[in-house]
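# Whatever this is, show me its structure:
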Amino acid sequence: MLPRMLDILNSKNVILASGSPRRQELLQKLGFKVRLVPSLFEENLKPSDFKTFSEFVEATAFGKVVEVENRLINDGDKPDLVIGADTMVTLDGVMYGKPNTNEEAFATLKMLSGKPHIVYTGVALKMGPQIVQFTENTKVFIGDLTDDEIMAYVETGEPLDKAGSYGIQGIGGIIVEKIEADDSPDIEALLKNVGLRVTICSATAKENLKPDDFWSISEFLETSAHQKVSDVEELFSSYGFPPDIVIGCESYVKVDGILYNKTKEEDNVFKTLKTISGKSYIVSAGIVIKMGDNVVKFTENTKVYVRDLSDNDIRTYVATGEPFTRSANCGIYGVSSCLIDKIEGDFFTVIGFPLLRLGKEMEILAS
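From the prediction side, this is the model:
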């Protein structure tokens, strides 16, 4: 389905009515060629004028689409398809958009601290006279934040540009405990976004440990991660640059009690994807942090739900080549995000990097 859709849409003049490079990046990762045209639509609709939050975000998204389409047509650049989106955060029946001041951002984050809230994203697509609108919602859990933690985040300036006063893909990812939905992060970009200055280095040691030799999957993952840490620390030290902190991670996927890692054989990839189709699986990420003689180890788990996939869907995905780089041959970013229904837990765990727990443990180590 995806290649046929891409062939059709990539031959069209497709516009994303947004100023968000993040939304453009998401579409480009799926293979869509889209042009970013920020909307000039005045977002002055009142939530109280709508029956539901979904209607409000869809109306705002549609307003962006219509404004961009009309402007481009007047400029002699008629689009074939215009896509718009709008996001709002809600808690206890109250909707929170982008804050106007640091004080508003602080008050919103204080309200969200330690509570689950719902994020609504309304999407509008317009292709000539044809219009499609829909809304997806996600439950997000913010950790318990002190006033100092909230103020430190507000002072980064990031909350002023974000609905609900936080951005899950930026520094704000640190304050998010877990989500119940799907997402698509990238480790290296993520670390840079949250302001961590790190060197990415692959371990060279052979990964020859076997899960069956350990009492638990946690022990296996943490031992594997520790092996990577020791290997990298030794490598840098041999060049005269001993690192202050080394972080290692190892992750595995468990389906029906069976562990799956990456496999390179196409037939096995197809069988694995066939196995997880329509099911949920557990992603376990083992982390080791070493600072001098101090070592911290922990494991986090997240549940991922895969959509029902036809044999043709699986073959199409395998043909992209992406499954060969993923545990259980399926991730939550890139083309594979089309296969995921939702996740439950810290979504950073799915990429082997549970950021919230990692931040807490590093803070304890550094104190």
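
# going forward, measure contacts between C-alpha atoms and count neighbours the same way
Noted.

# Give me the next element, helix or strand, following the lowest-mean-pLDDT helix or strand in the chain.
Within the chain, no helix or strand scores below helix 187-193, which has a mean of 52 by mean pLDDT, DSSP states H and E. Next helix or strand after helix 187-193 toward the C-terminus (DSSP states H and E): helix 217-238.

# centre of the chain versus that following helix, how much separation?
Relative to its chain's centre, helix 217-238 lies at 26 Å (C-alpha atoms, centre = their mean, to the nearest Å).

# In it, which residues are buried?
Residues 217-233, 235 are the ones in helix 217-238 that count as buried (16 or more other C-alpha atoms under 10 Å).

# Can you tell me what sits against that helix?
With contacts defined as C-alpha atoms under 8 Å, 6 or more residues apart in numbering, helix 217-238 is touched by 201-205, 207, 209-211, 213-214, 242-243, 246-252, 284-290, 297-299.

# Can you name the next helix or strand after it?
Remark: after helix 217-238, the chain's next helix or strand is strand 245-255, criterion DSSP H and E.

# Tell me the pLDDT of Ile150.
Note on Ile150: pLDDT of 92.

# Now for it: which residues touch it?
106, 109-110.

# rerun that using 10 Å as the cut-off
105-110, 113, 144, 175 (C-alpha atoms under 10 Å, 6 or more residues apart in numbering).

# Not counting its neighbours along the chain, what's nearest Ile73?
Once flanking residues are discounted, Ile73 sits nearest to Pro79: 7.4 Å by C-alpha to C-alpha, 6 or more residues apart in numbering.

# Settle this for me: the one you found is touching Val37, isn't it.
No: assessed by C-alpha atoms under 10 Å, Pro79 is found out of contact with Val37, at 11.1 Å.

# got any residues that touch both of those two?
Both Pro79 and Val37 are in contact with 15, 68-69, 72, where contact means C-alpha under 10 Å, 6+ apart.

# Buried ones among these?
Buried among the shared contacts of Pro79 and Val37 (16+ other C-alpha under 10 Å): 15, 68-69.

# so how far is Lys290 from Leu72?
Here the criterion is C-alpha to C-alpha, to the nearest Å. By it, Leu72 lies 55 Å from Lys290.

# Correct me if wrong, but Gln24 is in a helix.
Yes: under DSSP: H, G, I helix; E, B strand; the rest coil, Gln24 sits within a helix.

# Return the per-residue confidence for Thr255.
Heads up, residue 255 is Val, not Thr. Taking Val255 on its own, its pLDDT is 80.

# If you could redo that for Glu155, that was the one I meant.
91.

# same check, this time on Asp86
91.

# That one contacts Tyr120, correct?
Yes: under the criterion of C-alpha under 10 Å, Asp86 is in contact with Tyr120, at a separation of 8.1 Å.

# joint contacts of those two?
56-58, 135.

# Report the lowest-confidence entry in those.
Thr135 (88).

# Find the helix or strand that that one is a member of.
Going by DSSP H and E, Thr135 is in strand 130-142.

# Neighbouring strands of that strand in the sheet, and parallel or not?
With DSSP bridges as the test, strand 130-142 is paired with strand 116-127 (antiparallel), strand 176-181 (antiparallel).

# Which of those strands has the lowest mean pLDDT?
Across these, strand 176-181 gives the lowest mean pLDDT, at a mean of 73.

# now Ile247: how far from Leu365?
Distance from Ile247 to Leu365, by C-alpha to C-alpha: 12 Å.
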